[in-house]
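Novice: I would like the atomic coordinates for the input below:
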Amino acid sequence: MRKQAYLAKPLTGGTVQCQVCEHFCAIKPGGAGKCGVRRNIDGTLYLVVYGEAIAVHVDPIEKKPLFHFMPRGDILSIGTYGCNFRCPFCQNWQMSQARNFDDKHDYIGQRAMPEVLVDTCVRDQIPMIAYTYNEPTVFFEYTYDTAKLAHEQGIKNVYVSNGYMSQVTLDMIEPYLDGINVDLKAFTDEFYREQCQARLGPVKRNITHIACETDIWIEVTTLLIPGLNDSEDELQGMAEWLAGVDPELVWHVTAFHPDYEMRDRPRTSQRALARAYEIGKQAGLHYVYVGNVMDADRESTYCPECGEKLIQRHWFSVKELWREQGVCPQCGHVIAGLWS
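Specialist: Numbering: from 1, shown residues only. Model prediction:
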């Protein structure tokens with residue numbers, strides 16, 4: 001289904017500039033933006049996957065991953081086709097990297113209009129909706145309309161994002177967005193240019209803005225790719241920068257596995273993940289987690305003041321050990337997060 005774009009600027013000759021992300025694609029009639037799903041049809045920009053979900057699942061919130069946001073809660077997760085990055089290591093590439101569409105194509109997916117998604121949450125008592133699997137910025141109109149309706153029903157909204165949205169997009173979704181996990185894919189502009197066909201700067205700007213100037217709960221994830229973004233210097237620079245933004249920023253360091261167009265590199269070792277964990281802690285980050293592997297110690301939450309274990313995790317098995325959510329029973333330290 002088509003939906004006219006909310007953020008578009010007419011240029012000359014029927015060309016339209018899309019303004020939802022930092023690519024600011026100038027799209028000629030009959031063309032599409034880098035994402036493949038924002039298309040110029042007869043001089044008007046449309047999102048062509050509106051209400052067409054390729055994936056609809058109920059997941060644990062920890063899968064996003066969000067560890068300091070509504071623990072043990074269920075979340076309705078939806079995604080479409082399309083992404084504004086071209087990462088060769090993408091682990092949802094069947095959805096995100098699909099591009100071969102015809103302008104007249106009726107996009108195949110499960111018809112899931114915003115009203116239906118919200119009604120499902122109300123009926124089944126699901127407290128949250130995640131816009132995930134592919135980049136939610138590229139299906140912005142779909143996420144925005146759903147988030148507004150969800151907000152009216154007291155349902156929380158979560159983005160799982162590469163953080164490349166424009167400032168105007170972020171400002172527009174902010175009143176309805178409760179949580180976000182942003183991928184910080186590396187800490188060099190070279191990596192972003194060569195691997196993602198994007199830039200690091202806007203991602204850093206958006207992480208800082210969300211963490212320091214909004215009420216959106218934010219956590220950050222970095223996929224450690226052997227030989228590409230896992231050097232000690234790069235990880236130290238990344239961790240120190242995150243701690244400088246806010247030492248209570250939650251940082252997930254997760255394991256890479258060969259996929260899509262990057263099958264020539266090994267899986268991330270347990271040792272490399274453990275070292276990244278220590279680098280994060282030494283840089284001053286209070287909450288660092290290891291992901292995509294079994295590591296109960298480094299998946300669990302500890303009080304940064306006294307070291308008491310507060311939430312025990314083993315994969316998606318989660319046990320809260322405190323008496324009062326968000327408060328260490330040993331020393332009374334308040335743990336940053338949105339707990340209920």
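
Novice: Every contact and neighbour count from this point should use C-alpha atoms.
Specialist: OK.

Novice: what residues are up against the closest residue to Arg199 other than its chain neighbours?
Specialist: What sits nearest to Arg199 in space, not counting adjacent residues and going by Cα to Cα, 6 or more residues apart in numbering, is Tyr192, at 5.2 Å. With contact set as Cα atoms under 8 Å, 6 or more residues apart in numbering, Tyr192 has these partners: 185-186, 198-200.

Novice: Can you tell me how far Asn206 is from Cys212?
Specialist: As judged by Cα to Cα, to the nearest Å, Asn206 and Cys212 stand 10 Å apart.

Novice: quick one: which of those two has more around it?
Specialist: Asn206 (19 against 12; other Cα atoms under 10 Å).

Novice: hang on, the more buried one in a helix?
Specialist: Yes: using DSSP: H, G, I helix; E, B strand; the rest coil, the assignment for Asn206 is a helix.

Novice: hmm, back to that, the residue nearest to Arg199: what secondary structure?
Specialist: What three-state DSSP gives for Tyr192 is helix.

Novice: Ok, Glu305 next?
Specialist: coil.

Novice: List the contacts of the closest residue to it other than its chain neighbours.
Specialist: The spatially closest residue to Glu305, leaving aside those adjacent along the chain, is His333, at 6.7 Å (Cα to Cα, 6+ apart). By Cα under 8 Å, 6+ apart, the contact list for His333 reads 303, 305, 327.

Novice: Please check the residues you listed and keep the buried ones.
Specialist: 303, 327 (16 or more other Cα atoms under 10 Å).

Novice: can you redo the contacts of His333 as a markdown table with distance to Gln17 and pLDDT?
Specialist: Compiled in a markdown table, those are given as follows (distance: Cα to Cα, whole Å; pLDDT from 0 to 100):
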| residue | distance to Gln17 | pLDDT |
| --- | --- | --- |
| Cys303 | 48 | 98 |
| Glu305 | 49 | 98 |
| Val327 | 48 | 98 |
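
Novice: I'd like the contacts of His333 as CSV, with distance to Ile75 appended.
Specialist: Formatted as CSV, those follow (distance: Cα to Cα, whole Å):
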residue, distance to Ile75
Cys303, 26
Glu305, 31
Val327, 24
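
Novice: okay, and for the stretch 101-250 of the chain, where does confidence drop off?
Specialist: Regions of the stretch 101-250 of the chain meeting the criterion pLDDT under 70 cover residues 101-109.

Novice: all strands for it, in order.
Specialist: Assigned strands in the stretch 101-250 of the chain, in chain order: 110-111, 128-131, 156-161, 179-183, 217-224, 250-255 (criterion: DSSP state E, counting those that start in this stretch).

Novice: Can you say which of these is nearest to Phe24?
Specialist: strand 156-161 (17.3 Å; Cα to Cα).

Novice: still on that earlier bit, mind checking pLDDT for the residue nearest to Glu305?
Specialist: For His333, the pLDDT comes out at 98.

Novice: quick one on the thing from earlier: among the contacts of Tyr192, which are located in helices?
Specialist: Among the contacts of Tyr192, the ones falling in helices (DSSP state H) are Leu200.

Novice: before we move on, the earlier item: turn the strands of the stretch 101-250 of the chain into a markdown table, including distance to Gln167 and mean neighbour count.
Specialist: Output for the strands of the stretch 101-250 of the chain, formatted as a markdown table (distance: least, Cα to Cα, whole Å; neighbours: other Cα atoms under 10 Å):
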| stretch | distance to Gln167 | mean neighbour count |
| --- | --- | --- |
| strand 110-111 | 30 | 14 |
| strand 128-131 | 18 | 27 |
| strand 156-161 | 14 | 24 |
| strand 179-183 | 15 | 23 |
| strand 217-224 | 16 | 24 |
| strand 250-255 | 22 | 25 |
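
Novice: now those in CSV, with distance to Cys25?
Specialist: Compiled in CSV, the strands of the stretch 101-250 of the chain are given as follows (distance: least, Cα to Cα, whole Å):
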stretch, distance to Cys25
strand 110-111, 27
strand 128-131, 22
strand 156-161, 19
strand 179-183, 22
strand 217-224, 26
strand 250-255, 31
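
Novice: Of all these, which one is nearest Phe85?
Specialist: strand 156-161 (10.8 Å).

Novice: hmm, who's touching the closest one?
Specialist: Against strand 156-161 from outside (Cα under 8 Å, 6+ apart): 64, 127-133, 135-137, 147, 150-151, 176-183.

Novice: Thanks a lot, catch you later.
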